[in-house]
Structure formats: structure tokens, C-alpha cells
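**Q** Structure, please.
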Amino acid sequence: MATSPLSAATHRWEADPILTVEHLFMRFGGLVAVNDLSFNVGRGDITALIGPNGAGKTTVFNCITGFYKPSEGRLALAHNRAPTPDELATVTAIGERALVGTDAAVYLLERMPDYRVSGEAKVARTFQNIRLFTGMTVLENLMVAQHNALMTASGFSLKGLFGLPGWNSAARAATEKAKFWLEKVELLDRADDPAGDLPYGAQRRLEIARAMCSDPILLCLDEPAAGLNPRESLELNTLLRMIRAEHGTSILLIEHDMSVVMEISDHVVVLDYGTKIADGTPEAVRNDPRVIAAYLGVDEDAVEEVEAEIDEIEAQSGATS
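**A** The predicted structure follows:
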């Protein structure tokens, strides 16, 4: 039997992380929303960040995408390969937000404002509550996502005003990209309709298409299946697999729909009250007693009993190995 490039003991998130979250803390006064969180997102993986309501998932997203500045911790995004410890130490020591020009191209997201996280580091996101420009057309929503590139091509409006060739070429390319993604999300026939007129599930797909128009290497999706019916959830699974397979985009998603998580995820990280309680494959996480306890909402004494049982099992396993 042929062996896979990565053995069962070596996953992409261990061997080739695109995002490394290290000792992340986020405090709001006396409230610790994220508590010493560390995990990796594998290059080319679909990684799910799950947990009960109030576990701190969206706070983690806000730290990664620059909406919040972490109280402590490092968020290292590597474009081409995982940086070496020396490269990370270099960019940290010199106080820069990125080390560009090497094949590593590492970005320290905790040092970057949100517009640079999107524009330079190439991290895009969607939100739990849909944030489309409902008065604009479907096509215009995707053109807005390419605003920065179009402004640069227009010489900040001068070339656009005079209709110079460079601007015309960039405008055509942006339109073609928008149409490409509208076709992928099956909305090309609604291109001229107001985005607010679309059904809920179509608006979800449009928001993902808009994010992809910024050419992200990491796509962060906050509850993309929220409010979808079973058929729409299946369509979402197909879309996310296509984005990963055809465009090489790594995906990090928050999701409460466990059917989606277990169907498409390569890697699952579980939070409870801001603390990581599990990290592994969907199968391993689904059977983890700590995860079961957290989702069932058992009291602290029951959780301690579960953890004691786990420790006993691990001790017996170590004794027999």
C-alpha cells in the first residue's frame, strides 16, 4: 500500500503551518477572553475552531485579522513555507511587522493594522453577521473587494480619469475576476441585482466570493453555515473544498454545525472559556471526553472527573507501551 506524503503522525499543521499562534492572550480589563492559546493552521488545510458559545472563538479571529491587538502572543503567517526559528527571532528582534524578500515571507499579524493584514499579509475574512453592501449590485460588491488594486492602477484616479491603457486593463481584469467568482458561487445571472435582494444562502456565498476576490492565502470564515438549510450546507462544503483544491487557499473557520465541521475539516481546535481543550483530527476531537463534557455543559466537578479518567488512561497506555 502506498504511503501518503504525511504519515498519520505528521500532519500538515505540524509539518508545514501557514499560521502559527503562540501563547495568545486577550484581556478586556479583568476578563481573560483568550487564555494562553497556541495552535497551528496547516498549509492547504481546512481548520475548524469550535467550542460552546462564549468560548472566545470570534475574539481569536479578531486578533488574527487585526481588529484586536492581542494583550500578549505571536501570530506568525508564512506565505511560502514555515519560517525557521532564526527567521522568526530576526523579525521579532528588529521590531518589524514582516520579513519579506526571503522565500519565507513571514508576517507578524499582531503588529499589523487590519488593512495591512488584508492587503499585505493576504488574510481575508467573513463575519458571523453578513456584511454586504446591500444597496450595491452583486457585481459591485466584488469590485469593491479589489478597490486597493484598482486605485493603484488608476494612479489614485488620474489614470482612470484620462482612461489610460494601464487603468483600462486593470479594470477589465477586476471585472473578469469578479465574474469568475460569481460563476463559482452560481450568482452570475444575478450580477446586476442588488445584493440585498438575494436569498440568505446566496448572500453567504457572495460574501465568500467577495473575500476570495482579494486573493487571500488564508481565508477566515466566521460561522459560514449559520442559517443554512441542509442543501445549502452541502453546497457550502463543495465550495470550500473547491477553494482549497483549485486555489491552494488555507481555510480557518468557526462553525457550530458539527456536520459541516466533521465533513470537511482536516484539523479541529476546541476552545472552552478561552482555553484550548483539544487539538487534532476530527475523529480524535469528536471522541475526546473533555470536548464531550464542554458541549454537554457539565459542572466543574464532572469535568475534573473526566480529566482524572483521561490521566489514568494515558498512564496505563504509557505503562504498556
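**Q** pLDDT below threshold where in the stretch 151-300 of the chain?
**A** Across the stretch 151-300 of the chain, residues meeting the criterion (pLDDT under 70) sit at 151-167, 298-300.
**Q** Quick one: low-confidence residue ranges for the stretch 1-150 of the chain.
**A** In the prediction, the stretch 1-150 of the chain carries residues with pLDDT under 70 at positions 1-9, 102, 148, 150.
**Q** now with 80?
**A** Within the stretch 1-150 of the chain, the set of residues satisfying pLDDT under 80 comprises 1-10, 82, 92, 94-95, 100-104, 147-150.
**Q** Tell me which stretches of it form strands.
**A** Ranges of strands within the stretch 1-150 of the chain are 17-28, 31-42, 46-50, 72-78, 98-99, 106-108, 123-125, based on DSSP state E, counting those that start in this stretch.
**Q** Helices along this protein, start to end?
**A** When secondary structure is read from DSSP state H, the chain shows helices at 12-15, 57-64, 85-93, 114-119, 138-144, 147-153, 158-162, 165-184, 200-212, 230-247, 258-264, 282-286, 289-296, 300-320.
**Q** Now for Arg241: which residues touch it?
**A** Taking Cβ atoms under 8 Å, 6 or more residues apart in numbering as the contact definition, Arg241 lies against 46, 264. For the C-beta atoms, the positions are set from N, CA and C on the backbone; glycine is no exception.
**Q** please redo it, this time with the cut-off set to 7 Å
**A** By Cβ atoms under 7 Å, 6 or more residues apart in numbering, Arg241 lies in contact with Ile264.
**Q** and what of the one 10 residues further on?
**A** When contacts are counted by Cβ under 7 Å, 6+ apart, Ile251 touches 46-47, 219, 221, 240, 243-244.
**Q** partners of Ala98 in the sheet?
**A** Bridge pairing for Ala98 (DSSP bridges) gives the partners Tyr107.
**Q** that older thread, out of the helices of the chain, which comes closest to Ser71?
**A** helix 57-64 (9.3 Å; Cβ to Cβ).
**Q** Can you list the helices and strands that that closest one packs against?
**A** When contacts are defined as 3 or more Cβ pairs under 7 Å, 6 or more residues apart in numbering; DSSP states H and E, helix 57-64 packs onto strand 17-28, strand 31-42, strand 218-222, strand 250-254.
**Q** quick check: domain ranges of this protein?
**A** In the domain annotation for the chain, the residue ranges read 15-122+217-301, 131-215 (automatic domain parsing).
**Q** With distance to Ala315 added, can I get these in CSV?
**A** Supplementary listing: the domains of the chain in CSV, determined by distance: least, Cβ to Cβ, whole Å:
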stretch, distance to Ala315
domain 15-122+217-301, 15
domain 131-215, 45
